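Chemist: Next comes the sequence, and after it the predicted model I'd like to discuss.
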Amino acid sequence: MQFRTHPALGEGDEELFREALDDGSKGIIIAPGHPAQLKVWIRRAAQRRIPVVCVATDAPGTERLTAVSAEPFISGAIVGELLDRIVRESGTVGVFTGDLSTIDHSEKVRGLKHSLGSLNGSLTVSGVIETHDDETTAYQQTRKLVSHDRALRAIYVSTANSVAVIRALEELDPERRIAVVTTDLFPQLVPFLKSGRILATIYQRPESQGRMAFEALYKFLVEGKCPPHRIKLNPHIVMRSNLELFLDRVSVASQVRNHTLVS
């Protein structure tokens, strides 16, 4: 097994894919940041009978073997329902995501909007900000949003790029009027969950995703068993009340935050 890591989702994955094909890999597991760009590479792998498993997000319309991820639409819908029940005042929700060309990111936004719309509540999405997992962009855009949107009642960060958002809120919203829901679980988030700065985080079970992706690839290569077209995991809600039950997974979650191609 060989791990190849690229700096950010959607950056450098084509080069890594080429390396994996050139090295004679028998199978590939990848988090496809920009599925359209990888379509030709997944097709080349299929032509060589090299199975490709997507993890964390999908590459629909390609010849990949399967995709393993926490169901992104449900993740967004959970956030919408949670905010609708917690936030008492009418107003807006700001959404910070990575890149809407990434299926996982766009589906979370769609799930949030669908949930808020179906509940007929008092919250609406004010805008969706793409930060491309850049901390400086997230920090600056948070300050801009808080300063300009006086009706802002909540923020949903649908990727792991949430620390910069929290840093800006600590400066501009010391009274913690704005409810915050984040994504994933890693050491930097723990103090903010314990203090109540973060209302909840959506835990996408990265260890389970990686294990199930490897098992699907192994069973296909060794046992000839074809996995389901998609393998969906139920996301977990982590709040201050149940945080202790998840703390033993924090170190594992922090290790898999880097985007990796396995071949």
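Modeler: Looks like it arrived, so ask away. Residues are numbered from 1 along each chain as shown.
Chemist: how about the helices of the stretch 1-150 of the chain, start to end?
Modeler: Under the criterion DSSP state H, counting those that start in this stretch, the stretch 1-150 of the chain carries helices at the ranges 13-22, 35-47, 72-86, 103-119, 135-148.
Chemist: In CSV: those, plus distance to Ile129, mean neighbour count and mean pLDDT.
Modeler: For every residue, glycine as well, the C-beta is placed using N, CA and C. Output for the helices of the stretch 1-150 of the chain, formatted as CSV (distance: least, C-beta to C-beta, whole Å; neighbours: other C-beta atoms under 10 Å; pLDDT from 0 to 100):
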stretch, distance to Ile129, mean neighbour count, mean pLDDT
helix 13-22, 23, 17, 86
helix 35-47, 21, 17, 92
helix 72-86, 15, 21, 97
helix 103-119, 11, 20, 96
helix 135-148, 5, 17, 97
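Chemist: and the nearest residue to Phe246 once chain neighbours are set aside, what are its bridge partners?
Modeler: Nearest non-adjacent residue to Phe246, counting by C-beta to C-beta, 6 or more residues apart in numbering: Val238, 5.3 Å away. Residues in a beta bridge with Val238, per DSSP bridges, are Thr201.
Chemist: Measure how buried Val238 is and give me the count.
Modeler: 23 (other C-beta atoms under 10 Å).
Chemist: Any figure for the gap between it and Leu116?
Modeler: Applying C-beta to C-beta, to the nearest Å, the value for Val238 to Leu116 is 21 Å.
Chemist: Same check on Ser195?
Modeler: Counting by C-beta to C-beta, the gap from Ser195 to Leu116 is 26 Å.
Chemist: what's the answer for Ser126, then?
Modeler: 11 Å.
Chemist: Give the residues shared as contacts by those two.
Modeler: Val93 (C-beta atoms under 8 Å, 6 or more residues apart in numbering).
Chemist: Report whether the expected contact of the residue nearest to Phe246 with Tyr203 is present.
Modeler: Yes. At 4.9 Å, Val238 counts as touching Tyr203 under the criterion of C-beta atoms under 8 Å.
Chemist: which residues are in contact with both of the two?
Modeler: Contacts common to Val238 and Tyr203, judged by C-beta under 8 Å, 6+ apart, are 185, 246.
Chemist: Need the contact partners of stretch 76-91.
Modeler: By C-beta under 8 Å, 6+ apart, stretch 76-91 touches 93, 107-116, 119, 121-123, 151-154, 156, 158, 179, 181, 199-200, 202, 235, 237.
Chemist: Where does pLDDT dip in the stretch 101-250 of the chain?
Modeler: Along the stretch 101-250 of the chain, segments meeting pLDDT under 70 are nowhere present.
Chemist: What residue spans form the domains of the chain?
Modeler: The chain resolves into domains spanning 3-70+206-234+256-262, 72-203 when parsed by automatic domain parsing.
Chemist: right, so of these, which gets closest to Leu245?
Modeler: With C-beta to C-beta as the measure, domain 72-203 is the member of the domains of the chain nearest Leu245 (10.5 Å).
Chemist: For this protein, which residue occupies the most central location?
Modeler: Note on the chain: the residue nearest the mean C-alpha position is Thr159, at 4.5 Å, using C-alpha atoms, centre = their mean.
Chemist: you'd agree that residue is up against Asp133?
Modeler: Yes. Counting by C-beta under 8 Å, Asp133 is a contact partner of Thr159 at 6.2 Å.
Chemist: Common neighbours of those two, please.
Modeler: Common neighbours of Thr159 and Asp133 (C-beta under 8 Å, 6+ apart) are Gly98.
Chemist: can you tell which of the helices of the stretch 1-150 of the chain is closest to Arg64?
Modeler: Nearest to Arg64, of the helices of the stretch 1-150 of the chain and by C-beta to C-beta, is helix 35-47 at 5.4 Å.
Chemist: And the closest one, what does it pack against?
Modeler: helix 13-22, strand 52-55 (3 or more C-beta pairs under 8 Å, 6 or more residues apart in numbering; DSSP states H and E).
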